Structure formats: C-alpha cells, structure tokens
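# what's the 3D shape of this:
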Amino acid sequence: MTEKWLIGVDLGGTTIKMAFINFYGEILHKWEIPTDVSNEGKNITTDIANSIDEKLSEVGKTKSQVLGIGIGAPGPVNLDNGNIYEAVNLGWKEEYPLKSLLESETTLPVVVDNDANCAALGEMWTGAGNGAGDIVCVTLGTGVGGGVITNGDIVHGKSGAAGEIGHITSIADGGAPCNCGKTGCLETIASATGIVRMAMEELKQSKLNGRLRSIFNEEGKVSAKDIFDAARDGDQLASTVVDKVAFHLGMALANIANTLNPEKIVLGGGVSRAGSILLDAVTENFQRFSFPRVAKSTEISIAILGNDAGVIGSAWLVKNRIAE
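Below is the predicted model:
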C-alpha cells in the first residue's frame, strides 16, 4: 500500500504556507497563498481548500492519498472542537470553528493547534530538537511566542494558553506596555519590536556616536538586524541593547528551565538569525540564573527549519493524532 501524504498548513496574518509531507517529515511540495482577511476572514478556509485541490491536481494525486490536514493558527485553540478562541489579525473576533469549516470544505480530517506549538513540534521532529522529547521553543519575531514539549508532546494547559513565554513579566515593576494589557512582558524586550524600541530610547538618551547612530541619521530608523550587526562590529550603544535583551531572555529561559528541566531550548524567529552574538550572551545569562544541574543538562541552540517549521509541525499533528 502506498504511504499516504500529510498536509501541513501554517496560517499567518499575511500568508498561508502549505506543504505535502511524508511520514518522515520530509517536504515533498510546498507553496503559499495570500491570507484574505476581508469579510472577517470568512474566505480563509475556502481559499485553503481550493489551493489544496489545485495542488493535488497539479502533482497528480487525489484526496484518497492524503491522511489528513494539520493546521497551526495564531491564538489559543479549543482542543476539544478545533475552534480558535480569537484571532483578531485574521478577522476572527469571536470563537471561530476552524476545524469543522475546513473539514467541510476539504472532506478530509483536520487537526488544529496553535502556530507556535506547531513550530515547536516541527523543530522537535526534524529540526534543532533532533528528536528530543523535552524541549522549549521560543520564537523571537514581531512578538515572542513559545511552545513547550514534554515527553514528546505539546503542553496545552487548562485553556490552551500554555507556552505564552512572551508574557512572562521580565520587569517586575514598570516596563514598557505590552499588547496583552500588562507592562514589562518579555515580548516588550526580546521581540524585534522591543529591541528596536530600546535602541531608539538609547539613541535619544545617549550621546555616543557609532555605526548605529550613523544608520539612524541616514535612514531615520533602525532595524533589529542593524542593531545586532552594529553590536557585532563593536558599537557600544548597540552592545548595550543586546546586553539588555540577553539578560532578560536568559533569565526568563532559566526560570522556565528550572521548572521544566528540558533537554533543549530552541530559539527561532527572525531575531534568532542574529546567531552567536545573541546565543552566546543568552547562554551566559542562562547559566548564571539556572539551577546548576539544569544548567548542565540543558542545551540552547538556534532553530534550523526557518519558515518550514510550522508546516512540518502541523503535519506531525496528522501523523500522530489522526488514525488511519
């Protein structure tokens, strides 16, 4: 009997990434379509279904050769029915029946989970996790997301909101306001947005000159990449910002690891592309704040799957939660 394919879907606010994947986690075909958030996102499931039909026809396959669809979506998920509680960026302001609608549109079984959880599963399965069963994945992008895996499966918590690492309060008294309504969240410091915010504050308060100030004077703005590049070249102002990021992120990861004792912590997202200048400083702070036995047994590394992590992790859901 021919092995059935798995379909992984990574639903984002701008694009929907999709892939046909085999049982070894290898991507056979991948593509993406724009996310249509008009009309309160009501076209999203239809667009996904139509795109899957078109791609199956293109590669000469039928739905009978597909085991099912796994989809990672932003926001907390009701695991009992596959509803998304809320995803404002997609136009879903109330609980949205993603699983039932997509199953109706495709006539295939569907499994739904949070997008950060799916990225974590992807890294566990074929990425930097290298098959380890106890992993914490942290996505450092526009915000800070997270996925916690213990004994080879995602921890969801009581209301599907486990792994909200970005909303650990990193600054106990004060700090910048976060979109969640709190202040001082890790997301306000370790995200690309937070890093730029801190750099702009340093530029205003400091009289130091250097590469970062030159970029700001020329462009009127700086990016997270500019900040890390300048720090790598010895820019003192940029280095101050990176030191703050590494301190708070390293401390947060140490507290998580002291609770969970994971084998690996994987850093992903655009900010992680800074590489060793971030990883080394975060690891140093992690070692400083973590329990000695935890410090010795936990490895921190950079994610390796990039934008493919979400679709691979979504396919893992199909492989492990849909019985043939």
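# show me what contacts residue 111?
Contacts for residue 111 (C-beta atoms under 8 Å, 6 or more residues apart in numbering) come out as 68, 69, 70, 71, 82, 99, 314, 317, 318, 321, 322. Quick note: C-beta positions are derived from backbone N, CA and C, even for glycine.
# ok, of those residues, which come out buried?
The neighbour-count criterion (16 or more other C-beta atoms under 10 Å) marks 68, 69, 70, 71, 82, 99, 314, 317, 318, 322 among the contacts of residue 111 as buried.
# Make CSV out of the contacts of residue 111 and add distance to residue 191, secondary structure and pLDDT.
Formatted as CSV, the contacts of residue 111 follow (distance: C-beta to C-beta, whole Å; DSSP: H, G, I helix; E, B strand; the rest coil; pLDDT from 0 to 100):
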residue, distance to residue 191, secondary structure, pLDDT
68, 33, strand, 97
69, 30, strand, 98
70, 26, strand, 98
71, 24, strand, 98
82, 28, coil, 94
99, 29, helix, 97
314, 23, helix, 97
317, 26, helix, 96
318, 30, helix, 97
321, 31, helix, 91
322, 34, coil, 87
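# Specify which member of the residues you listed is nearest to residue 51.
Distances from residue 51 to these, taken as C-beta to C-beta, are shortest for residue 69 (11.6 Å).
# Pretty sure that closest one sits against residue 11.
No. Between residue 69 and residue 11 there is no contact, the gap being 11.1 Å when judged by C-beta atoms under 8 Å.
# distance of residue 312 from residue 239?
Per C-beta to C-beta, to the nearest Å, residue 312 is found 35 Å from residue 239.
# Show me which of these two is the more surrounded one.
The neighbour comparison of residue 312 against residue 239 (other C-beta atoms under 10 Å) goes to residue 312, with 28 against 20.
# Look up which helix or strand that one falls in, please.
Using DSSP states H and E, residue 312 sits within helix 309-321.
# how much space between residue 84 and residue 70?
In terms of C-beta to C-beta, residue 84 sits 14 Å off from residue 70.
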